[in-house]
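*Asks:* this is the structure alone, sequence omitted:
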């Protein structure tokens, strides 16, 4: 029991820190959309971070997972750690050198020919972040969650602090006539300060992790290294496929849209801001995953494990659907999370909200192939989703712009959830209440549809509209209480008992 309590405590620490980190990073969205003068500047932020996500897979190549696999044993830990670190040092140095040598051609390929320094800065950001992966993994393996969380939060606070310094304080100080500020700040760099803030935070994080480099033998075991690479290779494919599903549309919009580079980046910025807006409900999904994954694994051997998973998935769907309905009904209020100049993209938020709900359902369904050691099948499903994402985006974006990209996101997450549920029905027959789960989602769409129709008739009566929205939200909540309470009563007090 003491081990279970310790595991639960560490899970809570990791989970709460990750959620807090995501919340703090989410707060940069309203900040960026207001402090950056144009939508295409924010588009550059969305675009470059989406592109770097692909390259980061090549920098880190899931070496931290290989470390967990081969370094769990105390006697092998430092040998595995040393081998992994030396591998990452060598590969990161090679990638940085390659990016620095070809920074101008790469900048031109990415449509940033006037800013090759962006490529330079991202090369170092990815190098520092990849080198930090193994020290973070070692902290987790050695059960040191407080240090892990402290360094993670330090990274976020340094990043936010540098953003506030360069994008808020320095312009204010320059306007006040403080001449010294020009030694640290130049007004023409603009969006580049976001990337510099990230670079400083990544470097500071690596510096904070330097104690993890002490005692390293710096010996390279070639046989062990090859085992680690072979082990991580399939995971690279899965990770890359996941990034394709999430980031491909944002990376390709500037190439597939018919406008100028600036116009296309503006579309990327608008789409990216509304994507972040819809992703607010994913904060709940993140919290749920941290609690649910270890819970399902701990109770996999219980006699009622499948019924428990079915009930958990149903309540996840209900909660996500309620969050989706709230955002749809009160979008006039929620939209202030981003600046008004991005509101032209609000029409994609419903599709992206549904996509995020389906992604959460997919996480629930995907538990089966991890419990049954069928991760290879999960990889094939992920690859199928990636291929579908690429093909559909290449067709949809030129014709429908980022609206097409939003529909593709919804379609691909629908495929992921359906394929994972379908393939798991025989090997792990969880009795999901699919009819009821789909019913709640349909109810959300119907209630939202009622609001849309009535809004057209009573648009001039703001108070009535807000009252109507509250009533519709209450109808959903009361409907859930009525149905679920009735089901509980029937189970607790069966007829004739």
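*Replies:* Ah, there it is. Keep in mind it's a predicted model, so treat the numbers as computed, not measured.
*Asks:* any low-confidence regions in the stretch 51-200 of the chain?
*Replies:* 72-75 (pLDDT under 70).
*Asks:* which stretches of the stretch 301-450 of the chain have low pLDDT?
*Replies:* Residue ranges of the stretch 301-450 of the chain with pLDDT under 70: 373.
*Asks:* where along it do the helices fall?
*Replies:* Applying DSSP state H, counting those that start in this stretch to the stretch 301-450 of the chain gives helices spanning 305-329, 331-334, 349-365, 367-371, 375-424, 434-457.
*Asks:* of those helices, which is nearest residue 480?
*Replies:* Residue 480 lies closest, by CB to CB, to one member of the helices of the stretch 301-450 of the chain: helix 305-329, at 5.7 Å. Where C-beta positions appear, they are placed from N, C-alpha and C, glycine not excepted.
*Asks:* between the closest one and helix 434-457, how many degrees?
*Replies:* Counting by axes from the mean of the first three to the mean of the last three CA atoms, to 10 degrees, helix 305-329 lies at 10 degrees to helix 434-457.
*Asks:* okay but residue 229 is in contact with residue 65, surely?
*Replies:* No: counting by CB atoms under 8 Å, residue 65 is not a contact partner of residue 229; they are 11.4 Å apart.
*Asks:* looking at those two, which one has more neighbours?
*Replies:* residue 65 (18 against 15; other CB atoms under 10 Å).
*Asks:* quick one: what helix or strand has residue 216 in it?
*Replies:* Following DSSP states H and E, one finds residue 216 outside all helices and strands.
*Asks:* near it, how many other residues are there?
*Replies:* By other CB under 10 Å, the residues close to residue 216 number 12.
*Asks:* pull the contacting residues for it.
*Replies:* Taking CB atoms under 8 Å, 6 or more residues apart in numbering, we find residue 216 in contact with 78, 81-82, 85.
*Asks:* what do you get if the cut-off is 6 Å, keeping everything else the same?
*Replies:* Counting by CB atoms under 6 Å, 6 or more residues apart in numbering, residue 216 touches residue 82.
*Asks:* over to residue 21?
*Replies:* Residue 21 neighbours (CB under 6 Å, 6+ apart): residue 156.
*Asks:* quick one: it from residue 306, how far?
*Replies:* Distance, residue 21 to residue 306, by CB to CB, to the nearest Å: 33 Å.
*Asks:* over to residue 200?
*Replies:* Relative to residue 306, and taking CB to CB, residue 200 is found at 49 Å.
*Asks:* between the helices of the stretch 301-450 of the chain, which one is nearest to residue 218?
*Replies:* With CB to CB as the criterion, residue 218 lies closest to helix 375-424 of the helices of the stretch 301-450 of the chain, at 32.7 Å.
*Asks:* output the contacting helices and strands for that closest one.
*Replies:* helix 222-256, helix 349-365, helix 367-371 (3 or more CB pairs under 6 Å, 6 or more residues apart in numbering; DSSP states H and E).
*Asks:* looking at those, which is buried most?
*Replies:* helix 349-365 (a mean of 23; mean count of other CB atoms under 10 Å).
*Asks:* and it with helix 434-457, angle?
*Replies:* Compare the direction of helix 349-365 with that of helix 434-457 by the same axes, to 10 degrees and you get 170 degrees.
*Asks:* which other residues reach helix 349-365?
*Replies:* In contact with helix 349-365 (CB under 6 Å, 6+ apart) are residues 274-275, 277-278, 281-282, 285, 289, 313, 316, 320, 324, 327, 406-407, 409-410, 413-414, 416-417, 420-421.
*Asks:* is it true that residue 249 touches residue 394?
*Replies:* No: between residue 249 and residue 394 there is no contact under CB atoms under 6 Å: 10.2 Å.
*Asks:* as JSON lines, the helices and strands packed on helix 375-424 with distance to residue 177 would be great.
*Replies:* Shown next, in JSON lines, are these (distance: least, CB to CB, whole Å):
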{"stretch": "helix 222-256", "distance to residue 177": "39"}
{"stretch": "helix 349-365", "distance to residue 177": "43"}
{"stretch": "helix 367-371", "distance to residue 177": "60"}
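*Asks:* and the helices of the stretch 301-450 of the chain, which is most packed in?
*Replies:* When the helices of the stretch 301-450 of the chain are scored by mean count of other CB under 10 Å, the highest mean neighbour count falls to helix 349-365 (a mean of 23).
*Asks:* now the angle from that one to helix 222-256?
*Replies:* In terms of direction (the same axes, to 10 degrees), helix 349-365 departs from helix 222-256 by 160 degrees.
*Asks:* chain center to helix 349-365: distance?
*Replies:* On the basis of CA atoms, centre = their mean, to the nearest Å, helix 349-365 sits 12 Å off its chain's mean C-alpha point.
*Asks:* roughly how far apart are residue 183 and residue 252?
*Replies:* Here the criterion is CB to CB. By it, residue 183 lies 40 Å from residue 252.
*Asks:* wait, residue 417
*Replies:* Going from residue 417 to residue 252 by CB to CB gives 24 Å.
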